[in-house]
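Participant: Sequence below, structure please.
(chains A and B)
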There are 2 protein chains.
Amino acid sequence: MMQYTKEQIAAYFRTLQDSICQQLEQVDGGTFRQDKWERPGGGGGRSRVIIGNHIEKGGVNFSAVHGPMPEKITRALGVNPGDFFASGVSIVLHPHNPNVPIIHMNVRYFEMTNGTWWFGGGIDLTPHYVIPADASYFHQQLKSVCDQHDHAYYSKFKKWADDYFYLKHRDETRGIGGIFFDRLSDTDGFSQADRFAFVRDVGELFAPLYINLLQKHQQQPFTEKEKHWQMLRRGRYVEFNLVWDRGTKFGLDTNGRTESILMSMPPTANWVYMYEAETGSAEALTLSYLKKGIDWCGAD
Amino acid sequence: MMQYTKEQIAAYFRTLQDSICQQLEQVDGGTFRQDKWERPGGGGGRSRVIIGNHIEKGGVNFSAVHGPMPEKITRALGVNPGDFFASGVSIVLHPHNPNVPIIHMNVRYFEMTNGTWWFGGGIDLTPHYVIPADASYFHQQLKSVCDQHDHAYYSKFKKWADDYFYLKHRDETRGIGGIFFDRLSDTDGFSQADRFAFVRDVGELFAPLYINLLQKHQQQPFTEKEKHWQMLRRGRYVEFNLVWDRGTKFGLDTNGRTESILMSMPPTANWVYMYEAETGSAEALTLSYLKKGIDWCGAD
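Facilitator: A predicted model of the protein is given here:
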């Protein structure tokens, strides 16, 4: 049973974007610029980008698009043709300080005229330097929100994130993972209201979670070497988003708004052929954590 | 009729790599480092990378691999399972000076145990600033080599390059194109020897062609603004290679040697949200040239 209309859900996502931008501006001191755009086939969005004091480049995008389903979408999703509606908030933040992690969050809702609907989304963290205490804090926060809705959520969605945010060609995860979920519908005894409540809690966790990590590390001094390492990690972030991320590929392939899709690109990135981290270095330690299946909540 | 064995063709590609590296070292003053690698399934290669005085980062790779055809390859190529052999030379050079263009060259040979074989390859130029005189020179050199083999080659392969080196999500060509060809076999009255002779001429054109442009512009002064523009153009180069280049995607997806495949990545790259070139600027002029179908040989 559907209790929320697509308009209500989109309206919520719009307020979520507002709330997250406000919270980030307050901490960073910078200001988001907004670009409203319309989709020729129906709907549009509000892209917001900050070039801030602590966030070197960050995007917090809202969109709500609709119209006849492009053939590429019906094929990719394995569904029948018809009209679709899709709305969500999508975020990537690249901080100045290499001690502050890169973060990504997305919450989204999809609905078709035939009544099919689902929620999807996730949050994952990509520290330039993995700090185990922060990684545990991050995962515990996610687990705590998951547990309020279903005790099976965290372990399932954590594994999904490990598998999704993975650079096969590097045999490396993008970062320390987080949670990822898709096609959450009225299955397994959940109602639309249940799924929406979970997605709202994920969306509302984002700002305090990241601001905690930002404030903890944004004043920390760093070296040229650490800055260089940050550029290399950003190169990996580019590789993931352009080679493996289904959302990015899909958007670019179906005439999405390129500048909004690629707001996830870092301001700068480097590539070094055959880079090898020194044995025993902080960089080598970080690489050792970029594996699937690490139980960051297990310590306590 | 096949006059050349796959071993002979691979041996030629090896000497081509040697010759190109020698010519580039002489002009640049820097030295290539070499990494020999073996492919678990059969064969291997010699990757060579230069961090030079004028070439900021460049790769000149040779490989000759063989073995049972991975299922992904048979599917992608639409051929029957069996053993395959593939050999070639692949080059990308990123110069320091934004007045010097980025260049790419590839020549390759593919053969199957059932007797099917073909050559493929191409050269294309990506100037940070398009200089029409250089673009005409570049295309005339390619046309001249093409014309020595077949008068239909240049126009066909030039169009193929326009279509291939194209960023659909930007509606922008990667640069000023060049030539691109694939699956040149014993069709249209050509023998294996004919096709190989053409491919050799393309391979041997590369070094003098690029060295001409390098020596013409490498001492030219440049501004911070021009350097910044170069970083943005490198960002586009990354987007093309990771999103659209079939060779890159295919290599990363079939467990190719990642460091050799991604030697095409620039040393550094930037992304700016909603960058707009000033009306009438050199940057805007360059963007106006990044279109398909420009006849660079028409002027003379």
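Participant: export stretch A:209-217 as CSV, just CAs?
Facilitator: Once non-C-alpha atoms are left out, stretch A:209-217 reads as follows in CSV (Å, rounded to 0.1, in the frame of the first residue of the first chain):
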residue,chain,number,x,y,z
LEU,A,209,28.0,12.4,10.6
TYR,A,210,30.2,14.2,8.1
ILE,A,211,30.4,17.4,10.1
ASN,A,212,31.7,15.5,13.0
LEU,A,213,34.6,14.1,10.9
LEU,A,214,35.1,17.5,9.2
GLN,A,215,35.4,19.4,12.5
LYS,A,216,37.6,16.8,14.0
HIS,A,217,40.3,17.0,11.2
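Participant: Could I get the buried residue list for it?
Facilitator: A:L209, A:Y210, A:I211, A:L213, A:L214, A:H217 (16 or more other CB atoms under 10 Å in any protein chain shown). C-beta coordinates here come from the backbone N, C-alpha and C atoms, glycine included.
Participant: got the contact list for that stretch?
Facilitator: A:23-24, A:27-28, A:54-55, A:93, A:95, A:97, A:99-101, A:103, A:123, A:125, A:134, A:137-138, A:141 (CB atoms under 8 Å, 6 or more residues apart in numbering or on different chains).
Participant: And stretch A:15-31, by the same measure?
Facilitator: A:32, A:46, A:48, A:50-55, A:58, A:60-62, A:89, A:91, A:93, A:107, A:200, A:203-204, A:206-208, A:210-211, A:214-215.
Participant: Check those residues for burial and list the buried ones.
Facilitator: Applying 16+ other CB under 10 Å to these flags A:32, A:46, A:48, A:50-52, A:54-55, A:58, A:60-62, A:89, A:91, A:93, A:107, A:200, A:203, A:206-207, A:210-211, A:214 as buried.
Participant: which helix is the longest one in chain A?
Facilitator: helix A:192-217 (DSSP state H).
Participant: quick check: mean pLDDT across that helix?
Facilitator: Taken as a whole, helix A:192-217 carries a mean pLDDT of 98.
Participant: can you check stretch A:164-174 too?
Facilitator: 97.
Participant: one step back: between the buried residues of stretch A:209-217, which is nearest A:R39?
Facilitator: A:R39 lies nearest to A:Y210 out of these, by CB to CB, at 28.6 Å.
Participant: Could you list the contact residues of the stretch 51-200 of chain A toward chain B?
Facilitator: A:K57, A:G59, A:K168, A:H169, A:R170 (CB under 8 Å from any CB of the partner chain).
Participant: what about the first one, neighbour count?
Facilitator: The reference is to A:K57. 22 (other CB atoms under 10 Å in any protein chain shown).
Participant: That one: what secondary structure?
Facilitator: strand (DSSP: H, G, I helix; E, B strand; the rest coil).
Participant: now it, nearest residue through space, not along the chain?
Facilitator: A:P267 (4.3 Å; CB to CB, 6 or more residues apart in numbering or on different chains).
Participant: repeat for the last one
Facilitator: By the measure of CB to CB, 6+ apart, the closest residue to A:R170 outside its immediate chain neighbours is B:T258, 6.3 Å from it.
Participant: Which elements pack onto the helix or strand of chain A with the lowest mean pLDDT?
Facilitator: The helix or strand of chain A with the poorest confidence is helix A:71-77; it has a mean of 79 (mean pLDDT, DSSP states H and E). Here helix A:71-77 touches helix A:246-253, going by 3 or more CB pairs under 8 Å, 6 or more residues apart in numbering or on different chains; DSSP states H and E.
Participant: residue contacts, A:N255?
Facilitator: B:H169.
Participant: Just give the number of residues close to A:G115.
Facilitator: 8.
Participant: Not counting sequence-adjacent ones, nearest residue to the closest residue to chain B within the stretch 51-200 of chain A?
Facilitator: Using CB to the nearest CB, the closest approach of the stretch 51-200 of chain A to chain B is made by A:H169 at 4.1 Å. Sequence neighbours aside, B:L252 is the residue nearest to A:H169 in space, at 4.1 Å (criterion: CB to CB, 6+ apart).
Participant: residues in contact with the one you found?
Facilitator: Contacts of B:L252 (CB under 8 Å, 6+ apart): A:K168, A:H169, A:V243, B:T258, B:I261.
Participant: The last one - that's part of a helix, no?
Facilitator: Put plainly, it is B:I261. Yes: counting by three-state DSSP, B:I261 falls inside a helix.
Participant: now the buried residues of stretch A:209-217 in TSV, with distance to B:L285?
Facilitator: Shown next, in TSV, are those (distance: CB to CB, whole Å):
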residue	distance to B:L285
A:L209	46
A:Y210	42
A:I211	44
A:L213	44
A:L214	41
A:H217	43
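Participant: hey, where'd the helices end up in chain A?
Facilitator: Under DSSP H, chain A gives helices at A:6-28, A:71-77, A:132-147, A:153-164, A:192-217, A:224-239, A:246-253, A:258-261, A:282-289.
Participant: Switch these over to JSON lines; also include distance to B:N114.
Facilitator: JSON lines is the format used below for the helices of chain A (distance: least, CB to CB, whole Å):
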{"stretch": "helix A:6-28", "distance to B:N114": "54"}
{"stretch": "helix A:71-77", "distance to B:N114": "32"}
{"stretch": "helix A:132-147", "distance to B:N114": "52"}
{"stretch": "helix A:153-164", "distance to B:N114": "37"}
{"stretch": "helix A:192-217", "distance to B:N114": "53"}
{"stretch": "helix A:224-239", "distance to B:N114": "36"}
{"stretch": "helix A:246-253", "distance to B:N114": "34"}
{"stretch": "helix A:258-261", "distance to B:N114": "43"}
{"stretch": "helix A:282-289", "distance to B:N114": "43"}
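Participant: With respect to those helices, which exhibits the lowest mean confidence?
Facilitator: That would be helix A:71-77, which, of all the helices of chain A, carries the lowest mean pLDDT at a mean of 79.
Participant: buried set for that helix?
Facilitator: A:I73, A:T74, A:L77.
Participant: do stretch A:141-151 as well
Facilitator: Under 16+ other CB under 10 Å, the buried positions of stretch A:141-151 are A:Q141, A:L142, A:K143, A:V145, A:C146, A:H149.
Participant: so how many other residues sit close to the spatially closest residue to the third one that is not a sequence neighbour?
Facilitator: This means A:K143. Leaving aside its chain neighbours, A:K143 sits nearest to A:Y154 (4.3 Å; criterion: CB to CB, 6+ apart). Residues near A:Y154, counting by other CB under 10 Å, number 20.
Participant: Give the full set of residues in contact with A:Y154.
Facilitator: Counting by CB under 8 Å, 6+ apart, A:Y154 has contacts A:L142, A:K143, A:C146, A:D147, A:I179, A:C297.
Participant: who in the stretch 201-300 of chain A is up against chain B?
Facilitator: So the stretch 201-300 of chain A meets chain B at A:231, A:235, A:238-239, A:242-243, A:249, A:252-253, A:255-256, A:258-259, A:261-263, A:265-274 (CB under 8 Å from any CB).
Participant: Can I have the buried ones of the residues you listed as a PyMOL selection?
Facilitator: Applying 16+ other CB under 10 Å to these, the buried members can be selected in PyMOL as follows:
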select buried, chain A and resi 231+235+238+239+242+243+249+252+256+258+259+261+262+263+265+266+267+268+269+270+271+272+273
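Participant: A:Q34 reaches A:I50, doesn't it?
Facilitator: No: using CB atoms under 8 Å, A:Q34 is not in contact with A:I50; the gap is 10.4 Å.
Participant: Point me to the residue of the stretch 101-250 of chain A nearest chain B.
Facilitator: Closest point on the stretch 101-250 of chain A to chain B, by CB to the nearest CB, is A:L242, at 3.6 Å.
Participant: mean confidence score for stretch A:101-119?
Facilitator: 95.
Participant: Just the buried positions in it, please.
Facilitator: A:101-112, A:117-119.
Participant: Stretch A:75-91 now?
Facilitator: A:L77, A:F84, A:F85, A:A86, A:S87, A:G88, A:V89, A:S90, A:I91.
Participant: rewinding a little: pull up the gap between the residue nearest to A:H169 and B:F84, please.
Facilitator: B:L252 is 18 Å from B:F84, where distance means CB to CB, to the nearest Å.
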